[in-house]
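>>> Can you look at this prediction? I've put the sequence above it.
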Amino acid sequence: MDTWIPLLQELVWPITILLILFFLRKYIPQLLDRTTKIGALGVELEFEKAKEFSSTWSNEFVGDIRTGVKSDDFSSGVMDLMEQFSKEGSYDYAGIDIYGGKAWLTSRLYIFSTILSKARGINYWVFVDSHDSIHKKFIGYIDSRSLRLQLSDHFPFLSKAYTEALLEVFPDGEDSMKAADTWKITQLVKQFLKGIQKAYNGVPIQSADRQEIEKGWVLLKDKVTLEKARFMDINELRAICGEWILTDAIRNLENTSPEQLSKIILLCNERLIPLLDSENQFENMVDVVHTKKNLIKNGPLGQNIADSR
C-alpha cells in the first residue's frame, strides 16, 4: 500500500481532467477558426478571444436610444444605428455599462438584448459599472436566454408588447429576424415602444433625467413621453437576475499560476468566461471551448494526461 498511495495521488488530477473532458466531449467539435490571442503564460497556455458586439447607442439626431427616443422617432433618424443590428456577422457577447444607473432603461435592455440574441447570435451579456474614477468594474454576466426570461418574469408587460410588435412586423416568427433588413428591425423597436409609452399630461418638469413621474413610468428627455420602465442600477440588476447572474472569472492573470488557470478553464461549464485585471475591471471574454482545446493539446496538464496513459 505504501507503494500504491503516492501513485494514486499522482493520478487523481489527470483522471479528473479525463472525466471532465468526457462529459464535455460534445462541445469540442464546436471549434471555429480564431486568430486573436488575448494572453499567454509562458509558451504553454494561449487564450482565444471571444467576439464582442459594440455600439455607440446614440447619434446627433435623436440622442441615446438606451434611455430616450420615443417610438415616433424610431425612423430615419436612427437607421444608421440600427444598421449595426442587421449587418452580417455574429458575435459572442455584448457589454452593458450601467454607468451608475444612468445609462439603461429596463425596457431598452429587454428589446435590444432580444433582437441582438436573435439577429446576431449573442450568447452572453456582461454587466459592468463606470462612474467617478471607476472604469468598467465587473458586476457579472448572464446568458441571453436567462436574461430574457428574468426580464419577462419581472416585467410581463414588456414580453406582451414585444409579442404584439413581433406579430405585426415579423409574422413568420423570430427566426426570420436573422435575415431582416435595417428598416424591419427599426420598425420592430418602434412598435414595441408604442406598446409601453404614453403621453405625459402632468405639470411640466424642467429636468426629465431619471424621473419616475408615475409608479413604474419614466419621463423621457422630451418631457412629454412616459415609458413603462425603470433605470437599471446595480440593485435593480441583482433584483432582476438574482442567482442567474454569474460572477466566476479569471482574475489577475499575471498572478495566476498555469495550474490554477487550467483548473478554472477546465471546470468552467459556460462557453465564455470573463477576464478581469487586478482591480476587478473587465477586460474581455475568454472562449472556453477553444482554450480547453489549447490546454489539452499544448498545456502542461494535457502533457500530464498523455504521460499518464
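That came in fine, so what should we check first?

>>> low-confidence ranges in the stretch 201-309 of the chain?
Across the stretch 201-309 of the chain, the ranges flagged by pLDDT under 70 are 204, 206-212, 298-309.

>>> Which parts of it are strands?
Taking DSSP state E, counting those that start in this stretch, the strands of the stretch 201-309 of the chain run over residues 211-214, 217-219, 225-228, 250-251, 272-276, 282-287.

>>> what's in contact with the third one?
Going back to what we said before, that points to strand 225-228. Applying C-beta atoms under 8 Å, 6 or more residues apart in numbering, the set of residues contacting strand 225-228 from outside is 70, 105, 107, 155, 157-158, 193, 196-200, 213-214, 216-220. C-beta coordinates here come from the backbone N, C-alpha and C atoms, glycine included.

>>> Centre of the chain to it, how far?
Put simply, strand 225-228 sits 26 Å off its chain's centre (C-alpha atoms, centre = their mean, to the nearest Å).

>>> Next, the most centrally placed residue in the chain: phi, psi?
Nearest to the mean C-alpha position of the chain, by C-alpha atoms, centre = their mean, lies Trp125 at 0.9 Å. For Trp125, the backbone dihedrals (degrees, to the nearest 10) come out as phi -130, psi 120.

>>> how near is it to Ser133?
As judged by C-beta to C-beta, to the nearest Å, Trp125 and Ser133 stand 25 Å apart.

>>> With Val126 instead?
Note on Val126: its distance to Ser133, by C-beta to C-beta, is 21 Å.

>>> Over to Ile265?
Ile265 sits 32 Å away from Ser133, going by C-beta to C-beta.

>>> pLDDT wise, what is Val126 at?
At Val126, the model reports a pLDDT of 98.

>>> before we move on, which element is the nearest residue to Ser55 once chain neighbours are set aside in?
Excluding the flanking residues, the one nearest Ser55 by C-beta to C-beta, 6 or more residues apart in numbering is Gln84, at 5.2 Å. In the assignment (DSSP states H and E), Gln84 maps to helix 79-86.
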